[in-house]
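Enquirer: can you look at this prediction? I've put the sequence above it.
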Amino acid sequence: MNSGYPRWAPYVLVAPFVLVFGVFMAYPMLYSAVMAMQQTYGPKASQFIFLDNFKNLASDPSFWTAVRNTFVFAAGSVLIQLPLSLGLAMLLNQPQVRGRMFFRLVFFSPALVGTVFIAMMFGLMFNKQGLVNFTLHGLFSSFDPEFPWLDQFVMGSLIIAALWQYIGFNMIYFLAALQNVSRDLSEAAMVDGAGPIARFRNVTIPAIRPVASFVVLLSLIGSFQLFELAWVLLNNSSGPNEQGLTVVMYLYQNGFISFDLGYASAIGWVLALMLMVFAIIQHKISTAGEN
Amino acid sequence: MLRRLIKHVLPDFTDYLSPGGWIICSLAVASSIAVLAWPIPQRDGLEFWLFSKQLAVLYEVKVDQWNQDKGSDIYMSLFSNESLQQRMLAAFLSDTPAADVIEIERNFVPQAFTGPIEDVGFVDLTDRLKEEGIYDQLNTPSFAPWTSRGRIFGLPHDVHPVMLAYRADIFEEAGIDLTQVETWDEFAKAVRPLVGDRNGDGIEDYVISMWTGGGFRDQLEALLLQAGGALFDEQDRMQINTEVNARVLATLASWMVGPNRIAVDAPEFDPQANQMRLDGRVIAALMPDWLGGVWEKDLPALSGKIKVMPLPAWEPGGRRTTVWGGSMLGIPKTTKDFDAAWSFATHLYLSEELAEGLYRENYIISPVKAFWDSPFYDEPVEFFGGQPVGRLYIEVAPDVPLRTSSPFNTYAKDRVVNALYRLKEYAVDNKIYDPDELMDQARIELQAEEDRVTRQVERNVFLRSEP
């Protein structure tokens, strides 16, 4: 059938996408895979070392410290942040709460603030002479007025800062999902004698499951990409004894401080694989729940 | 209307894109052509990158003088240390032009020495320095940080000897004469009476600023060098787990925790730490010459209350100074005119006028030994209680220890700070605060870090293949 278009028309139409995808996605990915098998000193000097970068990573204690810290942060994000976000969303979804719109805006507003600014702000607050110690010592006189948050409680400080930044952001997703929960179903369950917990478990959760799965995945990916918050909060370092070292920070240190782009590429690929595994596991769990 | 017009002019093309699409495409093409056709302004003179605003102000006179005398132009561009390093390394790594002359701080240079020696982006100045007699004119240890595998890549800016600064008013009031103190052990014992809640605010006050944050790495290196230890030897061979280093770490840990604690976390360039200095909550510090100028500007309220003295030694009769910080002038290989750049570099750094300016503005001692007899170094300084600080620093300058230029030095310094952190935690967990009893653990921690640095060094195939 002759559509009236020349045969080359579709190729011309997809060419811009293919070009942009090829130049900015496919080529860099392929090149980073090649670089992961090289040791480099910037783009100028490189030597092919096959899988040595991956072998070195496997026995690199700093890398495993970074992986452990990243997992702790991700766990903190998912297990603390998301339940709190859901709780807030449920609270602000109640029609009887006055000023709901105002509180939604207040809780969401930290998401509008730049991460670097948040890191600097929390850096000042967690300083030994900062607001956190000042307040806690004021409330509880036995609390150490110079508690070293950024010396001995690095991951906790990071989780608290991220909590402040993202709790309202995730709340918006849950709020949108909660507004789609069928009121009829909920009322029917209530008529059948279901209490609040039973209604939450059997009506609310199944209804918000797709959104919740999406938020969990988004939080996990975001947590595994943690960099600016930790880097700035810890004054452009990984903190005392690498307590704040994350996988992406280690990638940055190797790629852009040591200029070993090969090792950094290898770290990037391992991170990508880890995220892929998480995405698959998360997908399996969420679909199993649906079934 | 627009659609009809376009359809009339380009009847076939409107089948593929809407008029809006065509407008966007046209704008994209037009702006691309404009960007490509825009002339890039080319400067005829030499570009000079530097990181210090204070030094830039000081150099203006010399640069103007040069521009007038030579009829050429030097353009100064000021960057933060990090930006300067990124630009410099990006240029070196891609063989694109950088500045013609670069002044850079010590912590930001080693990465330039990481690759093969022939790929170092700076011109090798070794032969020229020796042929022109400049090498003998300058304080020899000042060349060490800019030397890689025996070749010198920079003209040194300074010596940066370190003394001990202390709040003379507080010590005098307490009846403690620090000038009689010769060793760090004596210092720790002498200052003990000053540990406690001195101002009655319910918070314990300590004496000297030393802690385990990232900013401590330079101070820790300075203390290791003073003790005769270091992380690399003169041939850049690693020597992290040594008895001297273990002793320094064990002693520092005993100063940071436990009943004999005298140290407090008060890093330099930190507003809250400066407030602690003003409040008398930290009353002693390692003071390289350059820091005197910083304190004078940031803490004017301390004028007349601060004095300096030679550092207490680690052993009786030991070294009474060390070294902290440093900058160099380097000439990138991509310079437009090496001879002009070199001539400017020597015009700037070997000038007595600049040496005097450096001292008067920042208390920085020139590395040119011939200037050390200049009378301006003998003038009393009000901020330092009328002490002739220039002369005091020059007296210890010849004892400044040699430093490494190993590309792994910054990494190793960070690792050893981590070792100190863990040793401090070990001391608290096990309630062991005696330096002698901490020695075994200090060796274990240093060995762990030496293993890590070894991994990093052995991973570098470029340095491995060097002769």
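Expert: Looks like it arrived, so ask away. On a predicted model such as this, the values are computed, not experimentally measured, just so you know.
Enquirer: which residues in the stretch 201-350 of chain B form helices?
Expert: Along the stretch 201-350 of chain B, the stretches classed as helices by DSSP state H, counting those that start in this stretch are B:217-227, B:243-256, B:271-278, B:289-298, B:338-349.
Enquirer: where does residue A:290 land on pLDDT?
Expert: Here, the pLDDT recorded for residue A:290 equals 63.
Enquirer: chain A is nearest to which of the helices of the stretch 201-350 of chain B?
Expert: helix B:271-278 (4.6 Å; Cβ to the nearest Cβ). The C-beta positions use only the backbone N, C-alpha and C, and glycine is treated the same way.
Enquirer: re earlier: among the helices of the stretch 201-350 of chain B, which is nearest residue B:171?
Expert: Nearest of the helices of the stretch 201-350 of chain B to residue B:171, taken as Cβ to Cβ: helix B:271-278 at 14.3 Å.
Enquirer: buried sites along the helix or strand where residue B:28 lies?
Expert: Taking DSSP states H and E as the definition, one finds residue B:28 inside helix B:19-37. The neighbour-count check on helix B:19-37 (16 or more other Cβ atoms under 10 Å in any protein chain shown) flags B:19, B:22 as buried.
Enquirer: wondering if that helix reaches chain A at all.
Expert: No. If you take Cβ under 8 Å from any Cβ of the partner chain as the test, helix B:19-37 misses chain A, and the best it gets is 9.6 Å.
Enquirer: average pLDDT across that helix?
Expert: Rounded mean pLDDT across helix B:19-37 is 90.
Enquirer: ok, now stretch B:74-92?
Expert: 90.
Enquirer: what does stretch B:399-407 give?
Expert: Here the average pLDDT along stretch B:399-407 is 88.
Enquirer: just to revisit the earlier point, so which elements touch the helix holding residue B:28?
Expert: Here helix B:19-37 touches helix B:2-9, going by 3 or more Cβ pairs under 8 Å, 6 or more residues apart in numbering or on different chains; DSSP states H and E.
Enquirer: send the alpha carbons of stretch B:273-289 over as CSV?
Expert: Output of stretch B:273-289 as CSV, limited to C-alpha atoms (Å, rounded to 0.1, in the frame of the first residue of the first chain):
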residue,chain,number,x,y,z
ALA,B,273,36.4,27.2,65.6
ASN,B,274,37.4,30.8,65.3
GLN,B,275,34.8,31.7,67.9
MET,B,276,36.3,29.1,70.2
ARG,B,277,39.7,30.8,69.6
LEU,B,278,38.2,34.2,70.5
ASP,B,279,36.5,32.7,73.6
GLY,B,280,39.7,31.2,74.8
ARG,B,281,38.4,27.7,74.4
VAL,B,282,41.4,26.6,72.3
ILE,B,283,44.6,28.4,73.2
ALA,B,284,47.4,26.8,71.2
ALA,B,285,47.9,25.7,67.6
LEU,B,286,50.4,24.7,65.0
MET,B,287,51.2,27.9,63.2
PRO,B,288,52.8,27.8,59.8
ASP,B,289,54.0,31.3,58.6
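Enquirer: now it: buried residues?
Expert: B:273-274, B:276-277, B:280-289.
Enquirer: same check on stretch B:97-104?
Expert: B:98, B:99, B:100, B:101, B:102, B:103, B:104.
Enquirer: next: stretch A:47-64.
Expert: A:49, A:52, A:53, A:54, A:56, A:57, A:60, A:62, A:63.
Enquirer: give me the distance between the first one and residue B:462.
Expert: According to Cβ to Cβ, to the nearest Å, residue A:49 stands 11 Å off from residue B:462.
Enquirer: now swap in the second one and tell me
Expert: Using Cβ to Cβ, residue A:52 is found at 14 Å from residue B:462.
Enquirer: joint contacts of the two?
Expert: residue A:39 (Cβ atoms under 8 Å, 6 or more residues apart in numbering or on different chains).
Enquirer: is any residue of stretch B:268-278 near chain A?
Expert: Yes. Stretch B:268-278 is in contact with chain A by Cβ under 8 Å from any Cβ, via B:272, B:275, B:276.
Enquirer: surely residue B:384 is in contact with residue B:305?
Expert: No. Counting by Cβ atoms under 8 Å, residue B:384 sits too far from residue B:305 to count as a contact (9.4 Å).
Enquirer: who has more neighbours out of the two?
Expert: Comparing residue B:384 with residue B:305 by other Cβ atoms under 10 Å in any protein chain shown, the one with more neighbours is residue B:384, at 26 against 19.
Enquirer: so the more buried one versus chain A, what's the distance?
Expert: For residue B:384, the distance to chain A equals 27 Å [Cβ to the nearest Cβ, to the nearest Å].
Enquirer: tell me which element that residue is part of?
Expert: Counting by DSSP H and E, residue B:384 is part of no helix or strand.
Enquirer: tell me the contacts of it?
Expert: B:292, B:306, B:307, B:308.
Enquirer: ok, for the first one, nearest residue in space, not its chain neighbours?
Expert: What it means is residue B:292. Excluding the flanking residues, the one nearest residue B:292 by Cβ to Cβ, 6 or more residues apart in numbering or on different chains is residue B:363, at 3.8 Å.
Enquirer: give me the number of residues near residue B:45?
Expert: Going by other Cβ under 10 Å, the residues that sit close to residue B:45 add up to 17.
Enquirer: surely it meets residue B:76?
Expert: No. With contact defined as Cβ under 8 Å, residue B:45 does not count as touching residue B:76 (10.6 Å).
Enquirer: at the contact with chain A, which residues of the stretch 1-150 of chain B appear?
Expert: B:15-16, B:82, B:86, B:89, B:92-95, B:111, B:114-116, B:119.
Enquirer: quick check: residues of the stretch 201-350 of chain B near chain A?
Expert: Checking the stretch 201-350 of chain B against chain A by Cβ under 8 Å from any Cβ, the hits are B:202, B:203, B:212, B:213, B:214, B:215, B:265, B:272, B:275, B:276.
Enquirer: cross-check the contact I'm expecting between the fourth one and residue B:264.
Expert: No. Distance between residue B:213 and residue B:264: 11.8 Å, which falls outside the contact criterion (Cβ under 8 Å).
Enquirer: tell me which of those two has more neighbours.
Expert: Between residue B:213 and residue B:264, counted using other Cβ under 10 Å, residue B:264 has the larger neighbour count: 23 against 19.
Enquirer: overlap of the contact sets of residue A:49 and residue B:462?
Expert: Contacts common to residue A:49 and residue B:462, judged by Cβ under 8 Å, 6+ apart, are residue A:39.
Enquirer: count of residues packed around the closest residue to chain B within the stretch 101-250 of chain A?
Expert: Nearest residue of the stretch 101-250 of chain A to chain B, counting by Cβ to the nearest Cβ: residue A:237, 3.8 Å away. Applying other Cβ under 10 Å, we find 20 residues neighbouring residue A:237.
Enquirer: what's the answer for the one 3 residues further on, then?
Expert: In terms of burial, residue A:240 registers 25 neighbours under the definition other Cβ under 10 Å.
Enquirer: ok, it touching residue B:215?
Expert: No. Residue A:240 is not in contact with residue B:215 according to Cβ under 8 Å; the separation is 11.3 Å.
Enquirer: what's the farthest-apart pair in the contacts of residue B:384?
Expert: B:292 and B:307 (11.2 Å).
Enquirer: okay, and the common contacts of these two?
Expert: With Cβ under 8 Å, 6+ apart, residue B:292 and residue B:307 have common neighbours B:165, B:384.
Enquirer: excluding its backbone neighbours, what's nearest residue B:168?
Expert: residue B:307 (4.1 Å).
Enquirer: got the residues of the stretch 351-467 of chain B near chain A?
Expert: B:411, B:414, B:417, B:418, B:421, B:422, B:452, B:455, B:459, B:460, B:461, B:462.
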